[in-house]
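Chemist: Return a 3D structure for these sequence lines:
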Amino acid sequence: MDALEKIISTLTNNVIIQLVVVAVVMDTIFGIIRAGKERKFNSCFGIDGAIRKISMIVSIILLGIVDVLIHINLIGFLPQGAKDWMVANMGINAVGIAAFFGILYLVYEVVSILKNMAYCGLPVKGIWLKVRTILQKYTNELPDNDISVTNNKIYDGRKENDNEK
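Modeler: Numbers count the residues shown, from 1 in each chain. The predicted structure follows:
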């Protein structure tokens, strides 16, 4: 039981993993609100999203087990700015495998939350543009290909008057 307690302690006391769980819940809530607003409740999308979120949580749990068995510090793989911010603001000097993937999942969930908030009509354009700018430094594959924010309006491939309903 000592190993199980250590695994549970590792997972529950990790701020990054806690943030991932909060982000998953927030994304689910905003996704439901968005689907309600657009009157597009679709079980296929809901099931796909649920499978993705459950897979994230299960992979973090399994990687947490690996962290307990093998102590690997992956903080060196993070961009210098992110590393400095984590050390200064969160007191995190080491990032295990579960936390490393948690950071990746957290970025993915934050982008999804912002996209859902934008579709819901919330005023998040400034935040969205900042996050998109930061992500563009590190990747050419942004998850916002189906949404663009220009001139204070959100376009998602539909006709402009469809967005204004």
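Chemist: Where does Leu122 sit, in terms of helix or strand?
Modeler: Assigned by DSSP states H and E, Leu122 belongs to no helix or strand.
Chemist: Wasn't Leu62 part of a helix?
Modeler: Yes: membership of Leu62 in a helix is supported by DSSP: H, G, I helix; E, B strand; the rest coil.
Chemist: so where's this structure shaky on pLDDT?
Modeler: Scanning the chain for pLDDT under 70 picks out 1, 43-45, 141-165.
Chemist: residue closest to the middle of it?
Modeler: Nearest to the mean C-alpha position of the chain, by C-alpha atoms, centre = their mean, lies Glu109 at 1.9 Å.
Chemist: Next up, identify which helix or strand the closest residue to Gly76 other than its chain neighbours is on.
Modeler: Excluding its sequence neighbours, the residue lying closest to Gly76 (C-beta to C-beta, 6 or more residues apart in numbering) is Lys83, at 7.8 Å. For every residue, glycine as well, the C-beta is placed using N, CA and C. In the assignment (DSSP H and E), Lys83 maps to helix 80-85.
Chemist: Alpha carbons of that helix, as PDB, please.
Modeler: C-alpha atoms of helix 80-85 as PDB (Å, rounded to 0.1, in the frame of the first residue of the first chain):
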ATOM      1  CA  GLN A  80      13.300  29.100 -21.100                       C
ATOM      2  CA  GLY A  81      10.600  31.600 -20.400                       C
ATOM      3  CA  ALA A  82       8.100  29.000 -19.200                       C
ATOM      4  CA  LYS A  83      10.800  27.400 -17.100                       C
ATOM      5  CA  ASP A  84      11.700  30.700 -15.500                       C
ATOM      6  CA  TRP A  85       8.100  31.600 -14.800                       C
END
